[in-house]
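Participant: When you get a sec, could you give me coordinates for this:
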Amino acid sequence: MTARAAGRLRIPTPVATAARICESDAAAACALRELTGDDGDPFVLASYSTLESAERMQGFEDAEEALALIDKGPAATNEELARLNELLDSQQNNAYFATHLMGQLPPDKLLLFLGDIYDAEGAGADDRRAAIVGDVGENLGIVLGRASQSGHARTDAIQPDMVAAWEDDMAALGGQRIILSDGRQGPYRFQLMSNIMGSGEYSTHYLTNYHDALVSWEQEMSPPGSAWNRTAALYTPITGDDFRLDPMTGLMEATARSPEAAATVFSNDDVSEYLLTGRPLDSLPPELGEGGGRAASEAIGYAFLAATTGMNPYDPAALPVEHEDVHRRNLGRGLAIMAEAGDDLQPEFREPMAKVFLNHGE
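Facilitator: Below is the predicted model:
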């Protein structure tokens, strides 16, 4: 999904006293409804004086409606899931909507909802539902990313303590399997959350903590990453191959969208080595990405691109940024690690590396 661009609306006085900048159609409509009063009444001054206040009110109202739909869990109809998706899509740029939703949707509740709606056994074969569920997951990832970024933006309007606590709880829970509403075992929580993260832009705090927790848990497996495959015997996702069993894929896609986080992750030499050459590919799910190679490896390659250039490789409008010491160091250390791999270097890294060299003028 692409975020709807915010527009500007010039409205003559007296409406201008209540709304100067239109951040969303929904907020503008809310402001106008408050100003017009009953049918036939003249314009009246609303209880708020700026459209930001209207956006906050509309965000709260829409978040409450979205939460009521999420509460339905696997019993939600296709039409109800479609309405939820509509709310998420229309409010994905509204930080008030995003943070209220996050605050009322603790990690365990979110992950149970995801586990239930992605479960093909519970829903049965339904192509329309599969498409809606895929869209809901993508837009949830965008909205929660908005909340994550907003919570670390140092503004009094957002709840930074709540956001940081939510992020820490999510990272801490990742190594546990979710128990679905019908009592069956579902995927690991890392698998569910990573599947929606790839579409969003999250805070550096969240991505680095989540990455540390995921890598630590993965390395405890024997061999590392092998448990991700075992989910396939327990759980059939309604979205088929679009559901990634390897949670590193969604995490690295989200990391690539947040270059500051990517630079932080790859500045750890041990982590950089593990991501670039240390993951035992034979024990990981053989999932293919858009480029035809391993999906997780493609995502790691693009996260490395972000870590060495400061650019989001998924943003076609991204402009080159001035290289900092961390970018140059990440590049130098990454090249040394890849050189040691020799012919065993993963082919998925070739395209991102070509773009890195072009960006650095080499």
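
Participant: where along the stretch 101-250 of the chain do the strands fall?
Facilitator: Listed in chain order, the strands of the stretch 101-250 of the chain (DSSP state E, counting those that start in this stretch) span residues 177-179, 185-188.

Participant: neighbouring strands for the shortest one, and are they parallel or not?
Facilitator: Using DSSP bridges, strand 177-179 pairs in its sheet with strand 185-188 (antiparallel).

Participant: Can I get the partner strand as CSV, trimmed to CA atoms?
Facilitator: Taking C-alpha atoms only, strand 185-188 is exported to CSV below (Å, rounded to 0.1, in the frame of the first residue of the first chain):
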residue,chain,number,x,y,z
GLN,A,185,0.2,-24.1,18.4
GLY,A,186,1.0,-21.4,15.9
PRO,A,187,4.2,-19.7,14.6
TYR,A,188,6.9,-18.2,16.7
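
Participant: And that strand, what's buried?
Facilitator: 186-188 (16 or more other Cβ atoms under 10 Å). For the C-beta atoms, the positions are set from N, CA and C on the backbone; glycine is no exception.

Participant: among the strands of the stretch 101-250 of the chain, which is nearest residue 110?
Facilitator: strand 177-179 (10.2 Å; Cβ to Cβ).

Participant: ok, back up a step: turn the strands of the stretch 101-250 of the chain into JSON lines, including distance to residue 53 and mean pLDDT.
Facilitator: Formatted as JSON lines, the strands of the stretch 101-250 of the chain follow (distance: least, Cβ to Cβ, whole Å; pLDDT from 0 to 100):
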{"stretch": "strand 177-179", "distance to residue 53": "38", "mean pLDDT": "97"}
{"stretch": "strand 185-188", "distance to residue 53": "41", "mean pLDDT": "96"}
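
Participant: Export the ones you listed as CSV, with columns for distance to residue 357.
Facilitator: As requested, the strands of the stretch 101-250 of the chain are exported to CSV (distance: least, Cβ to Cβ, whole Å):
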stretch, distance to residue 357
strand 177-179, 42
strand 185-188, 37
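
Participant: The closest residue to residue 207 other than its chain neighbours in helix, strand or coil?
Facilitator: Excluding its sequence neighbours, the residue lying closest to residue 207 (Cβ to Cβ, 6 or more residues apart in numbering) is residue 261, at 4.0 Å. Here residue 261 takes the helix state, with states given by DSSP: H, G, I helix; E, B strand; the rest coil.

Participant: what about residue 261, how many neighbours?
Facilitator: Residue crowding around residue 261 was assessed by other Cβ atoms under 10 Å; the count is 25.

Participant: Same question for residue 322.
Facilitator: Around residue 322 there are 6 other residues, counting by other Cβ under 10 Å.

Participant: Could you measure from it over to residue 263?
Facilitator: Relative to residue 263, residue 322 is positioned 13 Å away (criterion: Cβ to Cβ, to the nearest Å).

Participant: Which residues are in contact with each of these two?
Facilitator: Taking Cβ atoms under 8 Å, 6 or more residues apart in numbering as the contact rule, residue 322 and residue 263 both touch residue 310.

Participant: Which helix runs longest in this protein?
Facilitator: If each helix of the chain is counted by residues according to DSSP state H, the longest one is helix 127-151.

Participant: Just the buried residues of it, please?
Facilitator: Neighbour counts over helix 127-151 (16+ other Cβ under 10 Å) mark 129-151 as buried.

Participant: where does the stretch 251-362 of the chain have low pLDDT?
Facilitator: Under the criterion pLDDT under 70, the flagged ranges of the stretch 251-362 of the chain are 362.

Participant: Would you map the strands across it?
Facilitator: With strands called from DSSP E, counting those that start in this stretch, the stretch 251-362 of the chain shows none.

Participant: need the helices for it, in chain order.
Facilitator: 259-266, 269-273, 295-309, 325-341, 350-360 (DSSP state H, counting those that start in this stretch).

Participant: what about the stretch 51-200 of the chain, any weak spots by pLDDT?
Facilitator: Low-confidence segments of the stretch 51-200 of the chain, defined by pLDDT under 70: 51, 123-125, 154-158.

Participant: just the helices in it please.
Facilitator: Per DSSP H, counting those that start in this stretch, the stretch 51-200 of the chain carries helices over the ranges 51-70, 78-90, 95-103, 107-117, 120-123, 127-151, 160-173, 189-197.

Participant: Looking at these, which one is packed in the most?
Facilitator: For the helices of the stretch 51-200 of the chain, the largest average neighbour count (mean count of other Cβ atoms under 10 Å) is found in helix 189-197, namely a mean of 27.

Participant: number of nearby residues for residue 74?
Facilitator: Per other Cβ under 10 Å, the neighbour tally for residue 74 reads 16.

Participant: Actually, residue 321.
Facilitator: Look at residue 321: counted by other Cβ under 10 Å, it has 12 neighbours.

Participant: any idea how far it lies from residue 260?
Facilitator: Per Cβ to Cβ, residue 321 is found 11 Å from residue 260.

Participant: give the contact list for residue 228.
Facilitator: Contacts for residue 228 (Cβ under 8 Å, 6+ apart) come out as 188, 191, 245-247, 284-285.

Participant: how about the nearest residue to it, chain neighbours excluded?
Facilitator: Residue 228 sits nearest to residue 245 (Cβ to Cβ, 6+ apart), 4.9 Å away.
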